[in-house]
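Q: sequence and predicted structure below; questions after.
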2 protein chains.
Amino acid sequence: MSAPGKAGEPKEQRLTEGGRRTRERIIETAAELMFHRGAGGTSIPDIQAAAGVSASQIYHYFGDKQGLVLAVIDHQTDAQLARQRPLLDSLDSIEALRAWCDTAGSRQDARGCEGGCEIGSLAGELADSDQSARARLVSAFDRWEEPIRSGLARMQARGELSEHADTAALATALLAAVQGGMLLSQVRRSSTAYRQAVSAVIDHIESHLVR
Amino acid sequence: MSAPGKAGEPKEQRLTEGGRRTRERIIETAAELMFHRGAGGTSIPDIQAAAGVSASQIYHYFGDKQGLVLAVIDHQTDAQLARQRPLLDSLDSIEALRAWCDTAGSRQDARGCEGGCEIGSLAGELADSDQSARARLVSAFDRWEEPIRSGLARMQARGELSEHADTAALATALLAAVQGGMLLSQVRRSSTAYRQAVSAVIDHIESHLVR
């Protein structure tokens, strides 16, 4: 669930149960359309038709299309993190890091490497053109990176990872490998690039293990 | 320069010098607009207005918008590789790898980390929606990855890099780090993520050095 009261979602705090369900249906429909066509390629009439709602309902809940885009970013971030749990919350061993990355690789294989990363795709499209979206994407990547960093920090606190390892930098490097690897895999229609990208960074993290 | 005779560029082989210049101006204008607004957000009338050409000239040279998009992918790939030369052709030492990545980081800093990667941005937008564009993007990333792989292979042939190192996989991992790092840096408006991402992979490559 998105936190209530954010910019672009002014009506969320006062919703009835029915209103909340309608709002969620609009977001889920918009997220699906934007995943396939991009935010720019998805119009309000497209969303109306697919969700079976009126334009005035969309404007009521989100103010404007930008408000809806922000809600979609939060929704995709929530969904991405929920899908990766509980693995994402226990990234405090090399084996756990490999299993987590492997799960995402298998998910790519299962869909023929189409679609790329739901958050990364929005980031590539919106980071320059929409400052509010960019701010929300900063938060999305921070929320994703935090459990990686936290897992590495626990390994370090237990003395398993060298005290010289920069766990924050390693977490960023792994998230970048996930993003870049997914993009190359999406283009090449094979998860090999993703698997090689994350393996290189996890091997590097492993080199910091205290033996 | 793009190779002549590719799909979507049927008229290239028969061009006069004036025609060649007009065609190049259309491509450069379209590339600039698509870099800022995406391919989907750039219309033929936008390109007409910015390049000072008629719609019939655009259709004459490129057949349709898709043909122009393909020409823009080739143009951006040519430009990207030309900009990275000669560093890109001498990636056969750890120092050369670091210098090459650092140059791209400085370029990002110089433009405030706006814009991301010209090729990666098109890839994120087009990989699923346009199969011809995806094929051209496969070629773009292959052309970019080849000199990285080739530099690592030369290090290995000279006995500097362990015979157990998978130079092709390491080259892919480094290109993925470049792509993912640039995306995170574009969102965060700081080249730190890019620098951490490529450093981790180059450190990993360095661990394969034969001491």
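A: Looks like it arrived, so ask away. Keep in mind that this is a model prediction, so the values were computed, not measured. Residues are numbered from 1 along each chain as shown, chains lettered A, B, ... in the order given.

Q: and A:His36, what does it touch?
A: By Cβ atoms under 8 Å, 6 or more residues apart in numbering or on different chains, A:His36 lies in contact with A:Gly115, B:Asp128, B:Ser129. Glycine gets a C-beta too; all of them are placed from N, C-alpha and C.

Q: save those residues as TSV, and put in pLDDT and distance to A:His164 too.
A: As requested, the contacts of A:His36 are exported to TSV (pLDDT from 0 to 100; distance: Cβ to Cβ, whole Å):
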residue	pLDDT	distance to A:His164
A:Gly115	85	39
B:Asp128	87	42
B:Ser129	85	45
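
Q: biggest helix in chain A by residues?
A: helix A:131-157 (DSSP state H).

Q: run through the neighbouring helices and strands of it.
A: With contacts taken as 3 or more Cβ pairs under 8 Å, 6 or more residues apart in numbering or on different chains; DSSP states H and E, helix A:131-157 sits against helix A:65-84, helix A:118-126, helix A:167-188, helix B:167-188.

Q: one step back: most neighbours out of the contacts of A:His36, which is it?
A: B:Asp128 (20 neighbours; other Cβ atoms under 10 Å in any protein chain shown).

Q: A strand includes that residue, no?
A: No: going by DSSP: H, G, I helix; E, B strand; the rest coil, the assignment for B:Asp128 is coil, not a strand.

Q: circling back: now tabulate the contacts of A:His36 in TSV and tack on distance to B:Ser150.
A: Listed next are those as TSV, based on distance: Cβ to Cβ, whole Å:
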residue	distance to B:Ser150
A:Gly115	32
B:Asp128	30
B:Ser129	32
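
Q: any stretches of chain A with poor pLDDT?
A: Along chain A, segments meeting pLDDT under 70 span A:1-13.

Q: what's the burial count for the residue of it found nearest chain B?
A: In chain A, the residue that lies nearest chain B is A:Gly180 (2.9 Å; Cβ to the nearest Cβ). Look at A:Gly180: counted by other Cβ under 10 Å, it has 32 neighbours.

Q: quick one: contacts of the one helix or strand A:Val201 maps to?
A: Following DSSP states H and E, one finds A:Val201 within helix A:192-206. Here helix A:192-206 makes contact (Cβ under 8 Å, 6+ apart) with A:94, A:97-98, A:101-102, A:104-105, A:108, A:152, A:161, A:165, A:170, A:173-174, A:177-178, A:180-182, A:184-185, B:166, B:169-170, B:172-174, B:176-177, B:180, B:200-201, B:203-204, B:207.

Q: one step back: B:Trp144: which of the contacts of A:His36 is nearest?
A: B:Asp128 (20.4 Å; Cβ to Cβ).

Q: domain-wise, how is chain A divided?
A: A:12-72, A:85-206 (automatic domain parsing).

Q: give me the nearest residue to A:Met182, chain neighbours excluded.
A: Leaving aside its sequence neighbours, A:Met182 sits nearest to A:Cys117 (Cβ to Cβ, 6 or more residues apart in numbering or on different chains; 4.7 Å).

Q: which residues are in contact with that neighbour?
A: Contact analysis of A:Cys117 by Cβ under 8 Å, 6+ apart lists A:Gln80, A:Val178, A:Gln179, A:Met182, A:Leu183.

Q: can I get these in JSON lines including neighbour count?
A: Putting the contacts of A:Cys117 into JSON lines (neighbours: other Cβ atoms under 10 Å in any protein chain shown) gives the following:
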{"residue": "A:Gln80", "neighbour count": "18"}
{"residue": "A:Val178", "neighbour count": "25"}
{"residue": "A:Gln179", "neighbour count": "33"}
{"residue": "A:Met182", "neighbour count": "28"}
{"residue": "A:Leu183", "neighbour count": "31"}
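
Q: quick revisit: please convert the domains of chain A to a markdown table, extending it with distance to B:Ala31.
A: Below are the domains of chain A laid out as a markdown table (distance: least, Cβ to Cβ, whole Å):
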| stretch | distance to B:Ala31 |
| --- | --- |
| domain A:12-72 | 18 |
| domain A:85-206 | 15 |
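
Q: of these, flag the one that's most buried.
A: Stretch with highest mean neighbour count among those: domain A:85-206 (a mean of 20; mean count of other Cβ atoms under 10 Å in any protein chain shown).

Q: for that domain, the distance to its chain's centre please.
A: Remark: domain A:85-206 is offset 10 Å from the chain centroid, using Cα atoms, centre = their mean, to the nearest Å.

Q: span of it from start to end?
A: With Cα to Cα, to the nearest Å as the measure, domain A:85-206 spans 22 Å from end to end.

Q: and stretch A:124-139, by the same measure?
A: Start and end residues of stretch A:124-139 are separated by 15 Å (Cα to Cα).

Q: go on, stretch A:38-52?
A: 20 Å.

Q: and if you look at stretch A:155-173?
A: OK, stretch A:155-173 end separation, Cα to Cα: 17 Å.

Q: and what of stretch A:149-169?
A: End-to-end span of stretch A:149-169 (Cα to Cα): 8 Å.

Q: again, but for stretch A:83-97
A: Start-to-end span of stretch A:83-97 (Cα to Cα) is 15 Å.

Q: one step back: look up the closest residue to the residue of chain A closest to chain B, ignoring the ones flanking it.
A: B:Gly180 (2.9 Å).
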